[in-house]
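Trainee: A structural model of the following input is requested.
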Amino acid sequence: MKVFCAIPVLEKVDVRFMSSFMAHCFGAQKYGIQVYLDFHHNDSFFVRIRNSQITRFIDSDCEHYFQVDSDIEFMDHPIEKNLFKGLIDHGEDFVGGMYAKTASGTEKTKLASVPLDTNSIDYDSGLLEMLWLAGGCWCLHRDLVMKMVDSYPDLRYKGDEGEPDVMYGLFNEEFHVREDGTKKFQSEDYIFCDRARAIGAQIWADTSILLGHWGWKCYTVWEIER
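Mentor: Down below sits the predicted model:
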């Protein structure tokens, strides 16, 4: 099984990310999972990075698209519970891990994702359906990605020099309209979730995959007030 793993790099890759993540990449081999790493760097426009990487996945022969941000840390996720095998084995089109938002000053630590039906999360309790799943640790099946490509032809655009001729803007940002009619700017990962759910996809978080998120320090879900 071939897995395309997209890793956006805004400046440099931290050794804490590489040392914790690469152990899962090597460990996946014993389960017959070949991980193809795609590092995208020297680009400050995050949406373009996301679009470029998922376009390269679409043009590949890989079955699954993993998206892992380089400010995520996997130190607390046991090597014997291989990240790739664990997420693939769920058999879902859209599933990922959980982590906290980065914060500053006295701001309280919050979960980076939003559950569909509850604000109370029982960690390590299997899959939890999500409204929005933060994009730092995703596993998407090719079938879902190709269904999105077919469902949103207006998001295709011509690539710049050095890019594929046809690019897929599945991460293009736009406004989200709230129930009261007001608009909220939607980040690229949340708007991707909106588009996936609009064509019938379910989005799941594996509540046993709890990852660190580097900002001023490494933020964890255990800091979230419950």
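Trainee: which strand in this structure runs the most residues?
Mentor: strand 204-214 (DSSP state E).
Trainee: Packing partners of that one?
Mentor: Strand 204-214 sits against strand 72-73, helix 83-89, strand 94-99, strand 127-132, strand 218-219, with contacts defined as 3 or more Cβ pairs under 8 Å, 6 or more residues apart in numbering; DSSP states H and E. Where C-beta positions appear, they are placed from N, C-alpha and C, glycine not excepted.
Trainee: Run me through the strand neighbours of it, direction for each.
Mentor: In its sheet, strand 204-214 lies beside strand 72-73 (antiparallel), strand 94-99 (parallel), strand 127-132 (antiparallel), strand 218-219 (antiparallel), with partners assigned from DSSP bridges.
Trainee: can you tell which of those strands is closest to Y65?
Mentor: strand 94-99 (10.0 Å; Cβ to Cβ).
Trainee: Now tabulate the helices and strands packed on strand 204-214 in TSV and tack on mean pLDDT.
Mentor: Rendered in TSV, the data for the helices and strands packed on strand 204-214 read as follows (pLDDT from 0 to 100):
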stretch	mean pLDDT
strand 72-73	88
helix 83-89	96
strand 94-99	96
strand 127-132	96
strand 218-219	81
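Trainee: which of those sits most buried?
Mentor: Looking across the helices and strands packed on strand 204-214 with neighbours counted as mean count of other Cβ atoms under 10 Å, the highest average goes to strand 94-99: a mean of 25.
Trainee: May I have it as CSV, with CA atoms only?
Mentor: Taking C-alpha atoms only, strand 94-99 is exported to CSV below (Å, rounded to 0.1, in the frame of the first residue of the first chain):
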residue,chain,number,x,y,z
PHE,A,94,-11.5,11.0,6.4
VAL,A,95,-9.9,10.5,9.8
GLY,A,96,-7.1,12.0,11.9
GLY,A,97,-5.5,12.7,15.2
MET,A,98,-6.2,15.4,17.8
TYR,A,99,-4.1,18.2,19.2
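Trainee: going on from that strand, what's the next piece of helix or strand?
Mentor: Per DSSP states H and E, the first helix or strand lying C-terminal to strand 94-99 is strand 114-115.
Trainee: For L155, the count of nearby residues, please.
Mentor: Summarising burial for L155: neighbours were counted as other Cβ atoms under 10 Å, giving 16.
Trainee: Isn't it up against Y168?
Mentor: Yes - L155 sits in contact with Y168 when judged by Cβ atoms under 8 Å, with a separation of 6.4 Å.
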